[in-house]
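Enquirer: following is a predicted model, sequence given first.
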Amino acid sequence: MKLKYKILNKINLYSGFFSLNKYEFIHQKHDGEWTDKIEREIFSGSHVSTLLPYDPVRKEIVLIQQFRAGNLSRYDDDYLYEIVAGIIDQGESSEQAAKRECLEETGCEVKKITPIQGYFPSPGSSESYYDLFLGEIDGFDGERIKGLESENEDILVKSYKINEVRKLLQNKKIKNGLTLIALQWFFLEYYKD
């Protein structure tokens, strides 16, 4: 297949935990013509593996909460409800990363993993790509704190009954896009009352 875009120039504007690059490009329009030069700053993002932890015996979903710098300007009262997610290490498959991240972030070992969907969470500004999985785990009672000290992670982990998670969705308490996608898939395509 012939590419419908041409990168004219790529300039690195910043390199840190993430990178910011300026792209100069043209692309083919729907009518076959080519655009004038376009300039965009693009966040480098990452290839991320994500997993919705689910206990099919207890009918529970594990959700986590941790501090996120990206919502500092929104002045939210609480931490966001999230599912497991992490950057795929070099030499690691997306499935391996999902299992590793689940154990690190929740303390739960994945017994069975099912691929759901791969997607671009914000293609207008980021190169990030997410692979989403459902992971069957054994739930637990109460709450626990998990995460890697070496990464300054302080993650609150809790198992929620299916109806509790449905109410969180209905009451618009789930504000993390990845978690919304995973839970909507779960309720629309997977879980049958």
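Expert: Perfect, I can see it now.
Enquirer: domain-wise, how is this protein divided?
Expert: As recorded under automatic domain parsing, the domains making up the chain are 5-43, 47-190.
Enquirer: what's the first helix or strand after the lengthiest strand in the chain?
Expert: With DSSP state E setting the assignment, residue counts place strand 5-15 as the longest strand in the chain. Following the chain from strand 5-15 toward its C-terminal end, the next helix or strand by DSSP states H and E is strand 19-27.
Enquirer: can you point out the buried residues in that following strand?
Expert: 21, 23 (16 or more other CB atoms under 10 Å). Where you see a C-beta, it was placed from the backbone N, CA and C, and this is true even at glycine.
Enquirer: could you do stretch 46-66 as well?
Expert: Judged by neighbour count using 16+ other CB under 10 Å, the buried positions of stretch 46-66 are 46, 48-55, 60-66.
Enquirer: of these, which belong to helices?
Expert: If you go by DSSP state H, these have nothing in helices.
Enquirer: so where is this structure shaky, pLDDT-wise?
Expert: Scanning the chain with the threshold set as pLDDT under 70 gives 1, 75-78.
Enquirer: where along it do the strands fall?
Expert: Assigned by DSSP E, the strands in the chain fall at 5-15, 19-27, 38-43, 47-55, 60-65, 84-87, 112-119, 129-136, 143-146, 155-161.
Enquirer: just send those back as CSV, with distance to Gln170 too.
Expert: Compiled in CSV, the strands of the chain are given as follows (distance: least, CB to CB, whole Å):
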stretch, distance to Gln170
strand 5-15, 40
strand 19-27, 37
strand 38-43, 32
strand 47-55, 18
strand 60-65, 15
strand 84-87, 23
strand 112-119, 22
strand 129-136, 21
strand 143-146, 23
strand 155-161, 13
